[in-house]
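Undergrad: heads up, no residue letters with this:
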């Protein structure tokens with residue numbers, strides 16, 4: 001049985017391994033252990049038998065904008081609705097926080113389209129969205145796509 005819950009400190013190593021497995025393939029950006037510990041309260045996980053099989057986070061950017069980031073599902077569990085459920089949990093949290101707009105930077109356009117996100121020009125995003133980009137290995141040549149969802 002798959003359980004969805006808030007991430008714990010004890011989950012960080014498994015989250016790190018899951019995210020960076022995809023990062024090594026160029027499918028998402030890598031995360032550091034330090035970054036995950038600092039932001040563990042932003043994460044939700046999907047777990048089966050206490051093994052982390054999926055994760056994602058909601059990062060608040062400003063009073064009207066949040067980002068879904070670090071969304072990953074173990075390859076052997078894909079196409080089972082786990083990623084969708086993780087996003088739904090994060091969107092519910094955004095609603096509870098009264099955050100009207102959610103964005104993501106992604107390579108997975110179709111997945112997010114099916115969840116109601118629309119593709120936008122990255123240049124339309126406020127500059128505060130890019131504050132962490134300076135530390136990215138792809139800066140300044142970002143090839144991710146910006147997608148946005150209005151919750152209001």
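TA: Sure thing, it's come through. As the structure is a prediction and not an experimental result, all values here were calculated from the model.

Undergrad: okay, CA-based contacts and neighbour counts for the rest of this
TA: Noted.

Undergrad: Run through the strands of this protein in chain order.
TA: 2-6, 43-48, 51-62, 65-73, 101-106, 118-120, 145-150 (DSSP state E).

Undergrad: Compile these into a markdown table and extend it with columns for distance to residue 33, mean pLDDT and mean neighbour count.
TA: A markdown table is the format used below for the strands of the chain (distance: least, Cα to Cα, whole Å; pLDDT from 0 to 100; neighbours: other Cα atoms under 10 Å):
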| stretch | distance to residue 33 | mean pLDDT | mean neighbour count |
| --- | --- | --- | --- |
| strand 2-6 | 18 | 98 | 15 |
| strand 43-48 | 14 | 98 | 22 |
| strand 51-62 | 15 | 96 | 22 |
| strand 65-73 | 13 | 95 | 23 |
| strand 101-106 | 21 | 93 | 22 |
| strand 118-120 | 30 | 94 | 15 |
| strand 145-150 | 25 | 92 | 19 |
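
Undergrad: Adding distance to residue 30, write those out as a markdown table.
TA: Output for those, formatted as a markdown table (distance: least, Cα to Cα, whole Å):
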| stretch | distance to residue 30 |
| --- | --- |
| strand 2-6 | 21 |
| strand 43-48 | 15 |
| strand 51-62 | 13 |
| strand 65-73 | 9 |
| strand 101-106 | 13 |
| strand 118-120 | 23 |
| strand 145-150 | 16 |
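
Undergrad: For residue 21, find the nearest of those strands.
TA: Closest approach to residue 21 among these (Cα to Cα): strand 65-73, 9.5 Å.

Undergrad: what's the neighbour count on residue 64?
TA: Residues lying near residue 64 (other Cα atoms under 10 Å) number 13.

Undergrad: wait, it sits on residue 103?
TA: No: with contact defined as Cα atoms under 8 Å, residue 64 does not reach residue 103; the gap is 10.9 Å.

Undergrad: Mind checking which residue lies nearest the centre of the chain?
TA: The residue lying closest to the centre of the chain (Cα atoms, centre = their mean) is residue 69, at 2.1 Å.

Undergrad: Spatially nearest residue to that residue, not counting backbone neighbours?
TA: Computed as Cα to Cα, 6 or more residues apart in numbering, the closest residue to residue 69 that is not its neighbour in sequence is residue 57, at 5.3 Å.
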